[in-house]
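**Q** Okay, here's the prediction I keep looking at, along with the sequence it came from:
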Amino acid sequence: MQWFDLKSDRGGTIFLGLLTLVTLVVIVANQLIPAGSSLHLSTFTVTLLGKYLCYALLAIALDLVWGYCGILSLGHGAFFALGGYGMGMYLMRQIGDRGVYGNPLLPDFMVFLNWDKLPWFWHGFDHFWFAMLMVMLVPGGLAFTFGWLAFRSRVTGVYLSIMTQALTYALMLAFFRNEMGFGGNNGLTDFKDILGFSLQADSTRVVIFLASALALAGGYLLSRWVVRSKAGRVVVAVRDAEDRARFVGYKVESFKLAIFVLSAVLAGIAGALYVPQVGIINPGEFSPLNSIELAIWVALGGRGYLYGAVMGAVLVNYAKTYLTGAMPDAWLFALGGLFVVATLFLPKGVVGWFEGLSTRRKTEEVARG
Amino acid sequence: MTRLSFPACTVLALITCVLLALLWPPSPANANQPDDRFETVVSGLSVKNFKKKSIAVERLVSSGDPRTVPVLQAMLKGQLFYIKSGKRMVYGSATDDGYRVTTVVGGEVLGEMGKRAIKKVSVNNRIRKQLRSAIARLSLADPDPEVRLDAARELLRNLTPEAAELVRSAVVDEPRDKVRAVLETGLAILNLDSGDQAEQLAAIASLDGSLVPEARNRLSLLVEETDDETLRSAALASLKGIESTLRWNRTAETVFFGISLGSVLLLAAIGLSITFGVMGVINMAHGELIMLGAYTTYVVQLLMPNHIGLSVLVAIPAAFCVSGLFGIVIERGIIRFLYGRPLETLLATFGISLILQQLVRTIFSPLNRAVSTPPWMSGSLEINGALSLTYNRLYIIVFSLMAFLFLLVILKRTALGLQVRAVTQNRQMARAMGVRTGRVDALTFGLGSGIAGVAGVALSQLTNVGPNLGQTYIIDSFMVVVFGGVGNLWGTLVAAMSLGVANKLAEPWAGAVLAKILILVFIILFIQRRPRGLFPQKGRSAEH
Amino acid sequence: MAKGSAGTFEGSAHVAPPGEIDTRHGVILYMENVTVSFDGFKALNDLSLYIDDGELRCIIGPNGAGKTTMMDVITGKTRPDTGSVFLGQGTDLTTMSEYQIANAGVGRKFQKPTIFPTHTVFENLELAMQSDKRVWPSLFARLTGEQRDKIAQVMATIGLTEVCYSPAGLLSHGQKQWLEIGMLLMQEPRVLLVDEPVAGMTHQEMDRTAALLTGLAGEHSVVVVEHDMAFVRSIARKVTVLHQGSVLAEGDMDTVQNDPRVVEVYLGA
């Protein structure tokens, strides 16, 4: 497989090139250029960009199921949040006895709730490898269970969307409960360090940024490889003519399940990278609003291109950062308007619109030539 | 439950006081001649020595004057004063810098007086006790049965040995069954301690299933204290009976709460059942249309601040129109371009919901707005000692059923309904037959949206009216419609009610949040088993 | 839900090579006493039908006679209330799900042509091709030269070589019909169920289809449901008339056409 495949994936190649460039610039501008210089990039900006990269990976995950398989999941925020909680639990264990209560065995919120021992599901999260495994296994497992039930009974379309929304809503309510053992309302926060490096250090931040960039590039390449395989073509076939795919001999449920689980795992990884950068994970991440907002990133960027999802995620989130700072009241108007405009006037997203332009130009050239 | 019925008692007592105050003083028939004697007796209360004061109270009680009870009640509440110069007895109610004063005899309004001019008739615990028992005794002899009933209940709450005598004598003369029943319960409670086994056993038997809290307390006390095995086992059996009656009442109450929650869900969901079920449009802004209805109620109340009772009634059609118009604008402006693309409709309407939320936030502020409850919706209907149903919940139940019937009639009995069903079943054919499908779409959507607005009026009486009101209900509403079976109004009704009751039944042992989670998980699993809900639409048209 | 689809994640895809179907008695498809009812309406009423190995059978009947339901039952889309459906002697189709039946050697062409519109003609044929259709093998599947030849050969048969790399959604109605037939051929089924294959075709195309279907018979068993009597006459050796969910008459075209009951059903009493 060629990584830089200019001929058949121009957009993707441009995206990978840009990503490499941005990553290099960030490292140089933050680490090598002194803080006084006007070219210096603040760690705050690095973290912000890192957040965008995590969102972009999440958007790719949704594009896999929505763009390629036609399943609009309104619960992908749940997989993202579960991944985030996995990382958050590891980071909580790393605090050790440096918490407010100084308890070497229990995180602060458990001391506060008068718990005397660690709940069973917290065991193992002291180890980075275990936490990372859970970051993938838990969202994947949830997606597998939910998908196995839903696809088997052929719940499709809008019904499935509403069910996924109910799923993330139920999880949000559950994680708000203190009894669940995930810090309730406040979630997990006050992290100190990761793998022994302080989370406050600029260098750690840059490394996490680099990790996010690598995860995004890796997620993109893996997704591209999957959708270009025969299995990927079957997934698209299922999207377009489910019955035909079945009568041709494909077990449609398995293909849906596979792509759904892969997507959930990618979302979980995105969440895990997101948490050390923002420094907190709380039940608000499960909010149905987050998941549906994610759908609009993908819709705006363009479904079924992978890099379109990346573009949508970065565009919308940049606008969000800018508007919530400059005109807080205008943000929801803008986001709401975006939903309407994107669905009414850009059914194929920005990338689809450009593709349409270039196809038309080519056709005209052919006609003229 | 006692907590809920307590305000009712207070209200009743207050009304009685006001009535008494209004009726007696100006009544000339018995006013002239005994006035002097009554005044003298009342003035006796101003003595400082508590022993003498007690004697004065006794003298007042035995005077037999019908104006006695208000005086005693005022004294008990600390509202009885005397003017320092002249020792004239007055009622006083506190104002900003003094008291508004009315004379006890004659009811003459003397206007405001300073704190120094008058002195409160003070009471100690002994006198308080004496006052309570005297009020009870006098009230038990009152010609008004309601007053007697209240007095009897009050007595049960505080069964002193003195009260015992009172109960024994009153029960003989009492003509009303309802009042006598209360008194007899009191008698039975007293007989528990009589020492005579036969009498005690009879008392225990008669208390079986009684909902008076005192009966339960005394029985449990008896079980602990008595050495008599027969008595103990009888009392235990009787207690068991009381427990089961209580349990039954609690279940009835839970079911009532469940039905009332179900009605709220029904109200929130039936509009959706039209737009989603009949038209197949996923309207994520449905919750915001409910919110608009609630805000319409708020605005209507602002416009007619002096007619809160009426304002809610005015708000119903107003909210229907406001939300309905918004609905039509949304349908004509956006949704009609997206027919056949349900996922896009979902996203676009979600965008609208964000815009509407922000709109309300900008216009009315992000804070919750206070919507008042009209007087006729407060209070509660008391079924028995352990069960009373609040009027606002009762009204919501009735109201949601009316809204349901209204929709049902529109869909089954009107020309619009016929056209809606025609368009649902075969759009092309309906158009060919001359049905203006665009108009039908707009009106149907307007109808569903209008109903959402009406739901908002009802919700404004139950929850906070704020920009997030709609979001709270949107997922629940979709769950109800999907669970009931899309396109089936009756399914929506059954689904709303069963989910409401199930939720409330689960709450006591699971807690509110967990109950909700369990219900959500249940629906998610249920839909896997039966993707088309409880009552699926039949035939080929159901297969999209 | 069928037991079959509740299997493992990868799917217990029962890929039966054509030779595995037991046709010692010369019959490849048995339908015996099959009844299907929807809300009281009997779409199939005690239907019994036997298709011989290598036979070309035409099924005709008025609207609502149960032709499409019969195909749904054979392909696993609809479960019969009673009765049995067997492929050969040993394969019970009523316990299998659609994809298993397809892999067992039953191919189906829908009344309305259904193809994968965003895939190219080539990809449509590739996806239909007889192969290991589970998720994991599909992920790593690579076309062999042999398989490419096969696709090219079928593409030539259905006359779509010219538009090989066009998205199938852009084809004309007739071309879509052909593509769907081509996809059936790629599946190498033992039994082909063909629902109204010539709807929307020109006379020329109809003749080609007739030639193709008669050519397929022998090696495959072909069941054609068709309204066009001229077309049926041009290909039919044996015709079955369905009426109200059961077999009204069976035999060669002339016998059937002269059967008074058939005349009554078609012309109305």
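**A** Everything's here; your move.
**Q** list the contacts for the residue nearest the centre of chain C?
**A** Here the mean C-alpha position of chain C is nearest to the C-alpha of residue C:193 (CA atoms, centre = their mean), at a distance of 1.6 Å. Going by CB atoms under 8 Å, 6 or more residues apart in numbering or on different chains, residue C:193 touches C:71, C:74-75, C:106-109, C:223, C:225. Where you see a C-beta, it was placed from the backbone N, CA and C, and this is true even at glycine.
**Q** let's see it at 7 Å
**A** For residue C:193, the contacting residues are C:71, C:74-75, C:106-109, C:223, by CB atoms under 7 Å, 6 or more residues apart in numbering or on different chains.
**Q** Emit the ChimeraX select command for whichever of the residues you listed are buried.
**A** A single ChimeraX command selects the buried members of the contacts of residue C:193 (16 or more other CB atoms under 10 Å in any protein chain shown):
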select /C:71,74,75,106,107,108,109,223
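**Q** would you turn the contacts of residue C:193 into a markdown table with distance to residue B:408, pLDDT and secondary structure?
**A** Converted to a markdown table, those look like this (distance: CB to CB, whole Å; pLDDT from 0 to 100; DSSP: H, G, I helix; E, B strand; the rest coil):
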| residue | distance to residue B:408 | pLDDT | secondary structure |
| --- | --- | --- | --- |
| C:71 | 40 | 91 | helix |
| C:74 | 43 | 93 | helix |
| C:75 | 41 | 92 | helix |
| C:106 | 47 | 93 | strand |
| C:107 | 48 | 92 | strand |
| C:108 | 43 | 91 | strand |
| C:109 | 45 | 90 | strand |
| C:223 | 47 | 93 | strand |
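**Q** from the contacts of residue C:193, which is closest to residue A:97?
**A** Nearest to residue A:97, judged by CB to CB, of the contacts of residue C:193 is residue C:75 at 65.9 Å.
**Q** What is the burial count for residue C:213?
**A** 23 (other CB atoms under 10 Å in any protein chain shown).
**Q** re earlier: which two of the contacts of residue C:193 have the greatest separation?
**A** C:74 and C:109 (12.7 Å).
**Q** ok so, going back, please identify which helix or strand holds the residue nearest to the centre of chain C.
**A** Using DSSP states H and E, residue C:193 falls within strand C:191-195.
**Q** CA atoms of that strand as PDB?
**A** Extracted in PDB, the C-alpha atoms of strand C:191-195 (Å, rounded to 0.1, in the frame of the first residue of the first chain):
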ATOM      1  CA  VAL C 191     -31.000 -22.100  -8.700                       C
ATOM      2  CA  LEU C 192     -31.800 -18.800 -10.300                       C
ATOM      3  CA  LEU C 193     -34.900 -17.000  -9.300                       C
ATOM      4  CA  VAL C 194     -35.700 -14.300 -11.800                       C
ATOM      5  CA  ASP C 195     -38.500 -11.900 -11.200                       C
END
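**Q** what about it, average pLDDT?
**A** For strand C:191-195, the mean pLDDT works out to 92.
**Q** swap in stretch B:139-157?
**A** On average, stretch B:139-157 scores 77.
**Q** Next, the buried residues of that stretch.
**A** Per 16+ other CB under 10 Å, stretch B:139-157 contains these buried residues: B:139-140, B:142, B:147-156.
**Q** Repeat that for stretch B:328-336.
**A** B:328, B:330-332, B:334-335.
**Q** now swap in stretch A:277-285 and tell me
**A** A:277, A:280-285.
**Q** so can I have CSV of these showing distance to residue A:29, secondary structure and pLDDT?
**A** What follows is the buried residues of stretch A:277-285, written out as CSV (distance: CB to CB, whole Å; DSSP: H, G, I helix; E, B strand; the rest coil; pLDDT from 0 to 100):
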residue, distance to residue A:29, secondary structure, pLDDT
A:277, 17, helix, 95
A:280, 26, strand, 95
A:281, 28, strand, 95
A:282, 31, coil, 94
A:283, 36, helix, 96
A:284, 32, helix, 94
A:285, 30, helix, 95
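**Q** Tell me the one among those residues nearest to residue B:467.
**A** residue A:284 (17.0 Å).
**Q** So residue B:105 lies in a helix, does it not?
**A** No - applying DSSP: H, G, I helix; E, B strand; the rest coil, one finds residue B:105 to be coil, outside a helix.
**Q** got any ranges where the stretch 151-269 of chain C has weak pLDDT?
**A** Applying pLDDT under 70 to the stretch 151-269 of chain C flags the ranges C:267-269.
**Q** Residue A:95 and residue A:88, how far apart?
**A** 11 Å (CB to CB, to the nearest Å).
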